[in-house]
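Asker: Have a look at this fold, sequence not included:
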């Protein structure tokens, strides 16, 4: 299975490649990708340098163009497709059918992957995207059980990529409404959940802190408590007289124990979430998964999860805890 790792900037791209990534995914420094945070992503020159670095070491670079433009802004996404082709990207990862259609028409030799933002969870959806837009791979949303993934691998006309590790989301990807409810800026169309310009931190004399999003209180942290980036879905709210993570507790997906089952199912690629994370995260997570994949390839019959792998992954997990998420559902 291919290991696809996040590259939020050029140092992260280089770190992922050096740690054993088969491919990295990156974005331009604008709203064409779903991690449009200030200080992240690539200029044209940086992306070209990253492609040269990756290709020199046998790795691939996929460009995320996975947000949804409106009619007025569609030419910006089309221009991004043109640049991806000109720079030598190995594939684009797109969700909007107009972007996929343009890429198929103008650059038929540029491979097209259906983004997780496309929310394709059925064989007919995958077949439609394959027949109409020539996609060669689809990234599945993180809402399916392992049994559903296995069935899709059997029936899909294209290669399947699944998320193996990283931050979870309670919403079906590509359909989130929570952030735009508070800020008016949609993560699907504007490229970021909780845009930085709406975030406010306040620190008090006792060392406690509060996080607000567009002046809405999202969370309050004690002096010694780790504070995550404020998003509506992972905030703490008062419900029925209790204050708790009413929607979702900060945690990370970790499918390490399912690696043999995903391999037997025919999954083509494992994706690591985290373009907004730093070089240390990218290096550690990539190296751990590279080791696990290589050991499985060498000795699949005797492969077992190494506890040190799990400790390493947990140290870099959101909230320092992990889950199998929907993968472990017993019902289909």
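Answerer: Yep, that arrived. The shown structure was predicted, so the numbers you read here are calculated from the model rather than taken from an experiment.

Asker: Please tell me I have it right and residue 82 contacts residue 105.
Answerer: No: the criterion here is CB atoms under 8 Å, and residue 82 misses it with residue 105 at 11.8 Å. For every residue, glycine as well, the C-beta is placed using N, CA and C.

Asker: which of those two has more neighbours?
Answerer: residue 82 (14 against 10; other CB atoms under 10 Å).

Asker: can you pull the contacts of that one?
Answerer: Residues in contact with residue 82 (CB atoms under 8 Å, 6 or more residues apart in numbering) are 106-107.

Asker: Residue 269 - how many residues pack around it?
Answerer: Neighbours of residue 269 using other CB under 10 Å come to 20.

Asker: can you pull the contacts of it?
Answerer: Contacts of residue 269 (CB under 8 Å, 6+ apart): 1-4, 22-23, 137, 159-162.

Asker: Any chance of JSON lines for those, columns neighbour count?
Answerer: Below are the contacts of residue 269 laid out as JSON lines (neighbours: other CB atoms under 10 Å):
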{"residue": "1", "neighbour count": "19"}
{"residue": "2", "neighbour count": "17"}
{"residue": "3", "neighbour count": "24"}
{"residue": "4", "neighbour count": "27"}
{"residue": "22", "neighbour count": "19"}
{"residue": "23", "neighbour count": "21"}
{"residue": "137", "neighbour count": "22"}
{"residue": "159", "neighbour count": "16"}
{"residue": "160", "neighbour count": "21"}
{"residue": "161", "neighbour count": "25"}
{"residue": "162", "neighbour count": "27"}
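
Asker: Present those as CSV; the columns should include secondary structure.
Answerer: Putting those into CSV (DSSP: H, G, I helix; E, B strand; the rest coil) gives the following:
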residue, secondary structure
1, coil
2, strand
3, strand
4, strand
22, coil
23, strand
137, strand
159, strand
160, strand
161, strand
162, strand
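
Asker: does residue 218 sit in a helix, a strand or a coil?
Answerer: At residue 218 the chain is in strand, as set by three-state DSSP.

Asker: Residue 47 reaches residue 87, doesn't it?
Answerer: Yes: the criterion here is CB under 8 Å, and residue 47 meets it with residue 87 at 6.0 Å.

Asker: what are the ranges of the strands in the stretch 201-332 of the chain?
Answerer: 209-213, 216-221, 237-239, 242-244, 252-254, 269-272, 322-323 (DSSP state E, counting those that start in this stretch).

Asker: can you list the ones you listed in a markdown table and add distance to residue 78?
Answerer: Converted to a markdown table, those look like this (distance: least, CB to CB, whole Å):
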| stretch | distance to residue 78 |
| --- | --- |
| strand 209-213 | 32 |
| strand 216-221 | 36 |
| strand 237-239 | 41 |
| strand 242-244 | 45 |
| strand 252-254 | 33 |
| strand 269-272 | 25 |
| strand 322-323 | 39 |
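
Asker: just checking, residue 193 is part of a strand?
Answerer: No: per three-state DSSP, residue 193 lies outside any strand segment and is coil.

Asker: what are the phi and psi angles of the nearest residue in space to it that is not next to it in sequence?
Answerer: By the measure of CB to CB, 6 or more residues apart in numbering, the closest residue to residue 193 outside its immediate chain neighbours is residue 187, 4.2 Å from it. For residue 187, the backbone dihedrals are phi -60, psi -30 (criterion: degrees, to the nearest 10).

Asker: Let me see the contact set for residue 187.
Answerer: 34, 176, 179-180, 193.

Asker: Okay, strands next: where are they in the stretch 1-150 of the chain?
Answerer: 2-6, 23-26, 60-65, 91-94, 112-114, 137-139.
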